[in-house]
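Asks: how would this look folded up:
(chains A and B)
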Amino acid sequence: MALTLMKGSEAIAEAAIRAGARFFFGYPITPQTEIPEYMAARMPEIGGCFLQAESEVAAINMVYGAAGTGARVVTSSSSPGVSLKQEGISYCAGAQVPCLIINVMRGGPGLGNIQASQGDYFQAVKGGGNGDYHLLTYAPASVQEAIDIMMFAFDKAEQYRIPVLFLADGIIAQMMEPVELPEMVDYKVDPEKKPWACTGWKAGDDPKKRGVINSIYIDTESLTVHNNELQACYKEVVENEQMWEEFNCEGAEYIITAFGTVARIAKSAITQLKEKGINVGLVRPITVWPFPYDAVKKVVDQPSVKAVLDVELNEGQMLQDVKLAVNGTKEVDFFGHCGSLMPSTDEIVNKILSMKEGK
Amino acid sequence: MKRVKVLIGNYGSGKSELALNFAMQAAARGDRTELIDLDMVNTYFRLTERGKMVEQKEIRLVSPNFACSGIETLSLPAEVASAFVMDWDTVIFDVGGDDVGSTALGRYHTDFMELEEGALEVLNVVNIRRPLSSTVEKIQRLQEGMQAHSRLKITGMINNSNLATMTGPDDLWDGYEVLKEVSKITGIPVAYTTGKQEFLDAFMARNPDMEYVGTLVPIDMYMHRDWDSYIAHGLNTVDPRKEIY
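Replies: Here you go, the predicted model:
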């Protein structure tokens, strides 16, 4: 198929539609407003529903309701808007409603700014809303990768009955890249495959087939059973769904860890360092939950590796998971910016050089 | 005579890159040059980010108020008036995408009307590799919208078809074929064909009908980011799990 030049937001929206999404509920916020803008134009063309909600809180609750019917439903927002959605996200997780939430991260805390950031890592992988839950969280590093992940994100969400979070930084949504779009998936709700879905029940039907979407389990025993089920599910996700990329890791002297756009800048730095005769590798988690602890550990455990450098567009959030993975066996250093100032290739190169000089 | 180029077009058609190139080329010729960033829509990847480079070439840059400082609503600066009242050789307007972006021009409607005859070029920058300007019909619809919003008549089209870092020899040619049709229907000429020199050479080697080529303008990449070369590769794999690369 021919390549086309698409903005990340447009590509993410089109890919969601091609993956079967027929409902979009959202509220505009920079830097992702192009997603609802695109959905507003595109959904009516394919018989879908675009609805601009009165708030992010309303939007996520519309997602909760619509996804409860088994439909493929998506919402998008940026950091402050995703904070508003946290209650609804926790409800979706508790009620095991598969759905897709896109967070195009901008600078924080609070209203912060509108430039790119990775400051919502903790919110994405360490909680966000209340209760013991996780979101299967993907952090794409290119527009094409965002499309590719989108094409199976709903399958994963449905397989585990878990909300999926797309954790992209502002750059991914705003940059344009040549991409190849996959064919449209012909998705229809199959009540046999989704017995939990509320697809219509009338008096006289088998009461056991009645779909109930709910996150309240008022007595301690039933909530314990429910939570044990959720935890068993998360364990399976951890076992089966970790994704990461390794770049130039074999025999590397230093290992950089980074996710999203920052990992691409790190690759440029690694290429420059190679020209200076310094061998540096990169481990880029693609799923940040589940975090690929073993993969990071395996690479870092190579005898050639002297130390690890974590680079992020925040003050060091994924750093904690990297340290858990490395478990004190090697030094873990950090370089990052907050305030949305992208780390530059030169800065990463200089940081590695200074580590080499023992500074 | 003062020459004014107004660049409008679909989001991502390459307006900012071309505006920078036109300005740098004018300044290199010795023109007194003003470059106006009138993009009120997109706060990312805008030419104001190249402000220092532009000012080193003694090009005067006018940016929207608060551009790049993270305020969501931009406002038009009073300095835009300098384009009309001051004595420049070349003025270039880089306008926001689509009809929405070109709305910002409507405010200066009477100023544009008062320019000397032949001084004003309103140029629709077209990249047929963008999904919303990929066909004759889509380009026509967009042109009509932009003309209505800007209150200006498009005087020419620019074939700037490209795939960013993955541009190949076919992109300009396919753009030429599409714009030839648009030009026949609308009567709007193709005023320029733009691209890196290597792609212009490959394009010209195929002997296009010069009536639909216009002036060839080789361009440099100023908006490039050094990590662009890692546009990767999506996940092309059957089992999208573990060690996929």
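Asks: Relative to residue A:160, how far out is residue A:153?
Replies: Noted for residue A:153: a distance of 11 Å to residue A:160, by CB to CB, to the nearest Å. Backbone N, C-alpha and C define where each C-beta goes, glycine included.
Asks: Excluding chain neighbours, what is closest to residue B:63?
Replies: Distances taken as CB to CB, 6 or more residues apart in numbering or on different chains put residue B:48 closest to residue B:63, at 4.3 Å, once the chain neighbours are dropped.
Asks: Go ahead and confirm the one you found touches residue B:38.
Replies: No - Residue B:48 is not in contact with residue B:38 according to CB atoms under 8 Å; the separation is 10.7 Å.
Asks: which neighbours do these two share?
Replies: Common neighbours of residue B:48 and residue B:38 (criterion: CB atoms under 8 Å, 6 or more residues apart in numbering or on different chains): residue B:64.
Asks: More neighbours: these two, which one.
Replies: Under the criterion of other CB atoms under 10 Å in any protein chain shown, the comparison of residue B:48 against residue B:38 puts residue B:38 first, with 27 against 18.
Asks: Just list the residues touching the more buried one, thanks.
Replies: Residues counted as contacts of residue B:38 (CB under 8 Å, 6+ apart) are B:64, B:76, B:80, B:93-96, B:104-105.
Asks: which one of those residues is nearest chain A?
Replies: residue B:96 (12.8 Å; CB to the nearest CB).
Asks: okay, and the helix or strand of chain B with the least pLDDT?
Replies: helix B:51-56 (a mean of 83; mean pLDDT, DSSP states H and E).
Asks: Within the helices and strands, which one has the residue of chain A most remote from its centre?
Replies: Distance from the C-alpha centroid of chain A peaks at residue A:204, with 42.5 Å (CA atoms, centre = their mean). Using DSSP states H and E, residue A:204 falls within no helix or strand.
Asks: thinking again about what came up before, in terms of neighbours, single out the busier of residue A:153 and residue A:160.
Replies: Neighbour tally, residue A:153 and residue A:160, criterion other CB under 10 Å: the higher count belongs to residue A:153, 26 against 20.
Asks: Name the SS class of the more buried one, please.
Replies: Secondary structure, DSSP: H, G, I helix; E, B strand; the rest coil: residue A:153 is helix.
Asks: Let's see the pLDDT reported for the closest residue to it other than its chain neighbours.
Replies: Spatial nearest neighbour of residue A:153, chain neighbours left out: residue A:164 (4.8 Å); criterion: CB to CB, 6+ apart. Looking at residue A:164, its pLDDT stands at 98.
Asks: How about residue B:230?
Replies: Per-residue confidence (pLDDT) for residue B:230: 48.
Asks: burial measure for residue A:358, as a count.
Replies: Under the neighbour criterion other CB under 10 Å, residue A:358 is assigned a count of 5.
Asks: which residues does it contact?
Replies: Applying CB under 8 Å, 6+ apart to residue A:358 gives no contacts.
Asks: Next, count neighbours for residue B:141.
Replies: 14.
Asks: Can you tell me how far it is from residue B:214?
Replies: As judged by CB to CB, residue B:141 and residue B:214 stand 22 Å apart.
Asks: now residue B:56
Replies: 30 Å.
Asks: of those two, who's got more company?
Replies: More neighbours surround residue B:214 than the other of residue B:56 and residue B:214, with 20 against 9 (other CB under 10 Å).
Asks: Which residues are in contact with the more buried one?
Replies: For residue B:214, the residues meeting the contact criterion (CB under 8 Å, 6+ apart) are B:156, B:158-159, B:189-193.
Asks: out of those residues, which one sits closest to chain A?
Replies: Using CB to the nearest CB, residue B:159 comes nearest to chain A of the contacts of residue B:214, at 14.4 Å.
Asks: ok, that closest one touching residue B:177?
Replies: No - applying CB under 8 Å, one finds residue B:159 not in contact with residue B:177, separated by 9.8 Å.
Asks: More neighbours: which of the two?
Replies: Taking other CB under 10 Å, residue B:159 and residue B:177 do not tie; residue B:159 has more neighbours (31 against 15).
Asks: got a list of what residue B:204 touches?
Replies: Here residue B:204 is in contact with residue B:216 (criterion: CB under 8 Å, 6+ apart).
Asks: correction: residue A:14
Replies: A:6, A:38, A:42, A:147, A:181, B:131.
Asks: repeat that for 7 Å
Replies: Contacts for residue A:14 were tallied using CB atoms under 7 Å, 6 or more residues apart in numbering or on different chains; they are residue A:181.
Asks: now residue A:343
Replies: Residues counted as contacts of residue A:343 (CB under 7 Å, 6+ apart) are A:262, A:265, A:311, A:313, A:335-337.
Asks: ok, residues contacting the least confident helix or strand of chain B?
Replies: Contacts for helix B:51-56 (CB under 7 Å, 6+ apart): B:23, B:35, B:61, B:222.
Asks: Which member of these is positioned nearest chain A?
Replies: Within these, distances to chain A taken as CB to the nearest CB reach their minimum at residue B:222, with 15.5 Å.
Asks: hmm, back to that, quick one: pLDDT of the residue farthest from the centre of chain A?
Replies: pLDDT at residue A:204 comes out at 87.
Asks: Give me the next element, helix or strand, following the helix or strand bottoming out on mean pLDDT in chain A.
Replies: Within chain A, confidence by mean pLDDT, DSSP H and E is lowest for strand A:176-179 among all helices and strands, at a mean of 89. On the C-terminal side of strand A:176-179, the nearest following helix or strand under DSSP H and E is helix A:220-240.
Asks: Can you point out the buried residues in that following helix?
Replies: The neighbour-count check on helix A:220-240 (16 or more other CB atoms under 10 Å in any protein chain shown) flags A:226, A:230, A:233-234, A:237-238 as buried.
Asks: so for that helix, what's the average pLDDT?
Replies: 97.
Asks: so what does that helix touch, helix or strand wise?
Replies: Where contact means 3 or more CB pairs under 7 Å, 6 or more residues apart in numbering or on different chains; DSSP states H and E, helix A:220-240 is packed against helix A:143-160.
Asks: so the strand or helix carrying residue A:102 versus helix A:143-160, what angle?
Replies: In the assignment (DSSP H and E), residue A:102 maps to strand A:100-105. Between strand A:100-105 and helix A:143-160, the angle comes out at 140 degrees (axes from the mean of the first three to the mean of the last three CA atoms, to 10 degrees).
Asks: show me what contacts residue A:6?
Replies: So residue A:6 contacts A:143, A:176, A:179, B:131 (CB under 7 Å, 6+ apart).
Asks: Kindly list the main-chain dihedrals of it?
Replies: For residue A:6, the backbone dihedrals (degrees, to the nearest 10) come out as phi -130, psi 150.
Asks: what ranges do the helices span in the chain?
Replies: Using chain A. All helices of chain A, identified by DSSP state H, fall at A:8-18, A:34-42, A:56-67, A:79-84, A:86-94, A:121-125, A:143-160, A:170-174, A:220-240, A:261-275, A:293-300, A:318-326, A:345-356.
Asks: you looked at the wrong chain, it should be chain B
Replies: B:15-28, B:51-56, B:82-85, B:98-106, B:109-113, B:136-150, B:169-186, B:197-204.
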